[in-house]
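Student: Have a look at this prediction, sequence included:
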Amino acid sequence: MISRRSLVLGAAAAPLASSALAQTASGSITKIVVPFPPGGTVDPIARMVQPGLQQRLGTTIIIENKPGASGSIGAAQVAKSPPDGSNWLFVFDTHAVNPFLQNLPFDTVKDLDPVLLIGTAPNVLATHPGRPFKSLADVIAAAKAKPNSVTYGSIGSGSLGHLTMVLLAQRAGVKMVHVPYRGGGPLMNDALAGHVDLAIGSAALVTPQVRGGKLRGVVQTGATRIPGLPDVQTAIEGGFAGFESYAWWGSFTAGKTPRAIVDRFSKALAETLSEPTIKSRVEAMQITVRLGGPDEQGKFLADQMKLWGGVVKEHNIKADG
């Protein structure tokens with residue numbers, strides 16, 4: 001998170017930063033690192049905003065996919081890059097959990113500066129239509145009647161979906177069996193085939209299957225119901241006061257980048273995401289567009305790390321081997 005001293009230094013460096021931006025805008029190349037493979041949700045967002053960023057920043061934008069280790073390989077590349085605004089990072093919610101599951105070669109807070117909180121989406125728990133679960137109460141009742149009999153899949157051990165279910169089970173006083181998958185594709189395949197009782201993932205992943213009638217929504221974890229799933233109750237409505245869990249998308253850059261450079265990119269990114277066509281495409285992914293600047297992104301990351309880092313430590317959760 002940006003300190004008061006950093007803000008003061010950033011303000012003092014503003015003229016120099018503006019000059020640097022003017023120089024880099026002339027025939028330079030700016031890189032957006034996507035720490036995941038093509039497809040998914042992070043990569044499409046980066047490609048949606050690429051033309052608008054090029055126009056607003058006056059520079060060539062290239063997108064580099066650098067997948068591996070739940071996004072930490074690409075994050076490390078940006079963390080170790082020069083703090084000159086030439087490298088930017090688009091992340092998913094794993095960014096807040098990785099420090100507690102991996103021995104990272106960088107400091108998530110100190111070595112990366114927050115740029116923009118792009119958006120959030122609740123997690124959604126769903127089941128095969130052939131299963132008897134029609135509500136969260138049904139799931140809890142079955143788990144209480146026979147501990148460790150109900151199975152749920154997530155995109156991996158230590159994923160936000162996994163941690164959400166761990167926390168929910170703890171609050172409900174039940175025990176369920178976690179089945180980790182290596183990504184959303186394999187998870188959805190097994191859920192659609194009925195090989196696992198429940199599947200949890202971001203609304204972006206699960207909603208299309210629920211709306212298509214291939215899965216039944218059981219509960220969503222936002223403060224309110226999202227338009228894409230108006231008939232699926234929230235965990236709060238299901239009796240768990242204050243229970244919220246969000247997948248999220250954000251942007252970062254190398255630590256100690258002058259604040260003027262960060263602000264310029266943040267503003268250009270927010271303006272691009274605000275374009276009606278772009279915004280509607282992002283919202284079609286069941287993502288609520290937030291557009292929170294560097295300070296909001298920094299605070300949001302800190303809150304997420306505190307919440308989910310605590311769950312990882314308390315339950316001794318390990319990353320997939």
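Tutor: All right, it came through fine.

Student: So, low pLDDT: which residues of this structure?
Tutor: Across the chain, the ranges flagged by pLDDT under 70 are 1-27, 321.

Student: Show me what the lengthiest helix in it packs onto, helices and strands only.
Tutor: For the chain, the longest helix by residue count, based on DSSP state H, is helix 294-314. Contacts defined by 3 or more C-beta pairs under 8 Å, 6 or more residues apart in numbering; DSSP states H and E place helix 294-314 against helix 94-101, strand 112-127, helix 160-172, strand 246-254, helix 259-274. C-beta coordinates here come from the backbone N, C-alpha and C atoms, glycine included.

Student: Figure out how far the third one is from the centre of its chain.
Tutor: Looking back up the chat, that one is helix 160-172. When C-alpha coordinates are averaged (C-alpha atoms, centre = their mean, to the nearest Å), helix 160-172 and its chain have centres 17 Å apart.

Student: try the fourth one
Tutor: The chain centre lies 6 Å from the centre of strand 246-254; the measure is C-alpha atoms, centre = their mean.

Student: same deal with the second one?
Tutor: Here strand 112-127 shows a centroid-to-chain-centroid distance of 4 Å under the convention C-alpha atoms, centre = their mean.

Student: Tell me what angle it forms with strand 246-254.
Tutor: Put simply, strand 112-127 runs at 160 degrees to strand 246-254, going by axes from the mean of the first three to the mean of the last three C-alpha atoms, to 10 degrees.

Student: ditto for the last one
Tutor: The directions of helix 259-274 and strand 246-254 differ by 140 degrees, with the same axes, to 10 degrees as the criterion.

Student: Give me the contacts around the longest helix of the chain.
Tutor: If you take C-beta atoms under 8 Å, 6 or more residues apart in numbering as the criterion, helix 294-314 is touched by 1-2, 93, 95-97, 99-101, 108-109, 113-117, 158, 160, 163, 166-167, 248, 250-252, 259, 262-263, 266, 290, 292, 317.

Student: Just say helix, strand or coil for the spatially closest residue to K66 that is not a sequence neighbour.
Tutor: Of all residues not flanking K66 in the chain, G74 sits nearest, at 3.5 Å (C-beta to C-beta, 6 or more residues apart in numbering). Classification of G74 by DSSP: H, G, I helix; E, B strand; the rest coil places it in helix.

Student: surely G74 meets P35?
Tutor: Yes - with contact defined as C-beta atoms under 8 Å, G74 counts as touching P35 (2.6 Å).

Student: Neighbour count: those two, which is higher?
Tutor: P35 (28 against 22; other C-beta atoms under 10 Å).

Student: in the longest helix of the chain, what's buried?
Tutor: For helix 294-314, burial by neighbour count (16 or more other C-beta atoms under 10 Å) applies to P294, Q297, G298, F300, L301, Q304, M305, W308, G309, V311, V312.

Student: Tell me the one of the residues you listed nearest V196?
Tutor: Distance to V196, by C-beta to C-beta, is smallest for V311 among those, at 21.3 Å.

Student: how far away is the closest one from E244?
Tutor: Distance from V311 to E244, counting by C-beta to C-beta, to the nearest Å: 14 Å.

Student: Contact partners for the residue nearest to K256 when sequence neighbours are not counted?
Tutor: Using C-beta to C-beta, 6+ apart and skipping residues adjacent in sequence, the residue nearest K256 is P83, 4.5 Å away. Residues near P83 by C-beta under 8 Å, 6+ apart: D113, T253, A254, G255, K256, T257, P258.

Student: how does it look with 10 Å?
Tutor: By C-beta atoms under 10 Å, 6 or more residues apart in numbering, the contact set of P83 is D111, D113, T253, A254, G255, K256, T257, P258, I261, V262.
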